[in-house]
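> Got a predicted structure here, sequence first:
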Amino acid sequence: MLILSPAEDRGPKGGILSLHGGGMIMGGRRDHVGHLLPHVIEGSAVVVSVEYRLAPEHPDPAPVEDCYAGLVWMAKNAAELGIDPERLLIAGVSGGGGLAAGTALLARDRAFPQLSHQVLICPMLDDRFETHSSRMVDRDGVWDRHSNLYAWTAVLGEGRGGPDVSQYAAPARAQDLSRLPRTYIDTGSAEGFRDEILVYARRLSEAGVSVDLHMWGGAFHGFDMSVDHAAVSRASNATREEFIRRALGGEAV
């Protein structure tokens, strides 16, 4: 794991478990932590980024179990890390967003640890390819339906799309979304994951979870990091950063 701590110790801080993107088939613990660095620099957070195992060499449940193990380690070592155990967040991008959602379900069902917030950035949630958006991006952009099919098959093998896929691997499969932490979730309107994200946000809200949902018009998968100078990217990043800042400060809203 990669541990990022403030240079000056100003007392207990929030803890953020960061899960990198890459469709659960690529990437590493140093990826996608840049958007969390402002909170470390401000002295309000410690970030722990997990080097979870990747498919197809390590299919489900290896990736999500590694992420959960990282969360448990962070919680059990909160005092040593200078983390307030009442302010534990989990954040993930794309495939890491799906893993963050799955890890939050595991933490709820195993009754440890208690998460205060989950931040799901364009999360990869559903292996079934039943929505319009899951089929609409074809050989265009950074992650099209062919990339998505390859990744899900690498993670789930021949079981992909079938009846026996775990909710922790594909959180859209979960029947019960109650008792999950307050959620920030976002998507672009030209995003292959768009529809599954909108459905997941609605179902979370129906289950009594407080949800901040943002859909950014015209935005594609990974827009906010790959073209961070664009106006829509600046708006998206500022909105998410402010949500995390409030969460780290222990604010209810």
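Cool, the structure landed.

> pLDDT below threshold where in this protein?
Filtered on pLDDT under 70, the chain yields the residue ranges 251-253.

> Which positions in stretch 37-54 come out as buried?
Residues 39-40, 44-50, 52, 54 are the ones in stretch 37-54 that count as buried (16 or more other Cβ atoms under 10 Å). Where you see a C-beta, it was placed from the backbone N, CA and C, and this is true even at glycine.

> Return the closest of those residues with respect to Asp224.
Checking the buried residues of stretch 37-54 against Asp224 by Cβ to Cβ gives His39 as the nearest, at 16.3 Å.

> Just the element for the closest one, please.
For His39, the element it lies in under DSSP states H and E is helix 37-41.

> What is the helix or strand following that helix packed up against?
Proceeding N to C from helix 37-41, the next assigned helix or strand is strand 45-49, under DSSP H and E. In terms of contacts (3 or more Cβ pairs under 8 Å, 6 or more residues apart in numbering; DSSP states H and E), strand 45-49 is packed against strand 2-4, strand 13-19, helix 37-41, helix 62-76.

> how about a cut-off of 6 Å?
Packing contacts for strand 45-49, counted by 3 or more Cβ pairs under 6 Å, 6 or more residues apart in numbering; DSSP states H and E, involve strand 2-4, strand 13-19.

> need the contact list for the residue nearest to Val50 when sequence neighbours are not counted.
Counting by Cβ to Cβ, 6 or more residues apart in numbering, Val50 lies nearest to Gly70, which is 3.8 Å off, once chain neighbours are set aside. If you count contacts by Cβ atoms under 6 Å, 6 or more residues apart in numbering, Gly70 has them with 1, 17, 50.

> Output those residues as a markdown table; include the columns distance to Asp138.
Listed next are the contacts of Gly70 as a markdown table, based on distance: Cβ to Cβ, whole Å:
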| residue | distance to Asp138 |
| --- | --- |
| Met1 | 37 |
| Leu17 | 34 |
| Val50 | 32 |
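
> Looking at those, spot the one nearest Ser189.
For the contacts of Gly70, the nearest to Ser189 is Leu17 (28.5 Å; Cβ to Cβ).

> Leaving out sequence neighbours, find the closest residue to the closest one.
Ile90 (4.7 Å).

> Phi, psi for that neighbour please.
Note on Ile90: backbone dihedrals following degrees, to the nearest 10 are phi -130, psi 140.

> Then Glu130?
Here is the backbone geometry of Glu130 (degrees, to the nearest 10): phi -100, psi -10.

> So it versus Ala231, what's the distance?
Using Cβ to Cβ, to the nearest Å, one gets 33 Å for the distance from Glu130 to Ala231.

> Looking at those two, which is more packed in?
Legend: neighbour count by other Cβ atoms under 10 Å for Glu130 and Ala231, higher for Glu130 (12 against 7).

> Report the distance from the helix holding His39 to the chain centre.
Remark: helix 37-41 is offset 18 Å from the chain centroid, using Cα atoms, centre = their mean, to the nearest Å.

> which residues in the stretch 151-253 of the chain form strands?
Counting by DSSP state E, counting those that start in this stretch, one finds strands in the stretch 151-253 of the chain at the ranges 182-188, 211-216.

> Just name the most buried of the ones you listed.
For the strands of the stretch 151-253 of the chain, average neighbour numbers computed from mean count of other Cβ atoms under 10 Å are highest in strand 182-188, which has a mean of 23.

> before we move on, the earlier item: let me know the closest of the contacts of Gly70 to Met215.
Distance to Met215, by Cβ to Cβ, is smallest for Leu17 among those, at 25.1 Å.

> in the sheet, who's paired with that closest one?
Val48, Ile90 (DSSP bridges).

> about what we covered before: for the residue nearest to Leu17, what are its contacts?
For Ile90, the contacting residues are 17, 100, 103-104, 115, 118, by Cβ under 6 Å, 6+ apart.
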